[in-house]
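# Got a sequence here, can you build the structure:
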Amino acid sequence: MIAVLGPVVAHSYRPEARINVTTYREFSDLEFLQLQEDLRVRLRRESVAGMPEFNMVSAATYFEIHQDGEPVILVDNSAGRLLVIAFGE
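Numbering: from 1, shown residues only. Got it, this is the predicted structure:
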C-alpha cells in the first residue's frame, strides 16, 4: 500500500482540481497503524530532502495529508473498505 500512496504524496503539485477515489480491502487496525507510520516516516524524509512540507492529521480510522493547507490525500478505513481519496491528478 505504501507503494501506491507514496507516488501520490511525492508528486502532489496539483494545479487541477480532480478527485481520484480508490478502494481496497479493509485493513486490520495493526495494518492501518503501520500504513500511517510508514507514510509519516516517508513524509519526514522527503521534507528533509527539500520537498515541500506535508502535514498529517490522523485518528484511529482515518488520516489526511495536506500540503500548504491544501488536501493531498484522505485515507479512511472505517466503512468495511480502505477508501483512498487523492486530490489532483
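# dump the residue contacts of residue 65.
Residue 65 sits next to 9, 39, 43, 54-56, 71-74 when contact means CB atoms under 8 Å, 6 or more residues apart in numbering. Bear in mind the C-beta positions are built from the backbone N, C-alpha and C, glycine included.
# scratch that, residue 47
Counting by CB under 8 Å, 6+ apart, residue 47 touches 53-54.
# And the strands in this structure, which stretches?
The residue ranges that make up the strands of the chain, judged by DSSP state E, are 19-25, 54-58, 62-67, 70-76, 81-87.
# quick one: which of those is nearest residue 48?
Shortest separation from residue 48 across the strands of the chain is recorded for strand 54-58, at 11.6 Å, computed as CB to CB.
# Same question for the closest one: list its buried residues.
54, 56, 58 (16 or more other CB atoms under 10 Å).
# For the protein, which helix or strand comes out least confident on mean pLDDT?
The helix or strand of the chain with the lowest confidence, counting by mean pLDDT, DSSP states H and E, is helix 2-10 at a mean of 57.
# What spatial separation is found between the spatially closest residue to residue 21 that is not a sequence neighbour and residue 63?
Nearest in space to residue 21, with sequence neighbours left out and distances taken as CB to CB, 6 or more residues apart in numbering, is residue 85 at 5.3 Å. From residue 85 across to residue 63, the span is 11 Å (CB to CB, to the nearest Å).
# Same check on residue 23?
Between residue 23 and residue 63 the computed distance is 16 Å (CB to CB).
# The two: which has the busier surroundings?
Between residue 23 and residue 63, counted using other CB atoms under 10 Å, the more crowded position is residue 63 (19 against 13).
# for the more buried one, what are its contacts?
So residue 63 contacts 36, 39, 56-57, 74-75 (CB under 8 Å, 6+ apart).
# Okay, and the beta partners of it?
Using DSSP bridges, the bridge partners assigned to residue 63 are residue 58, residue 75.
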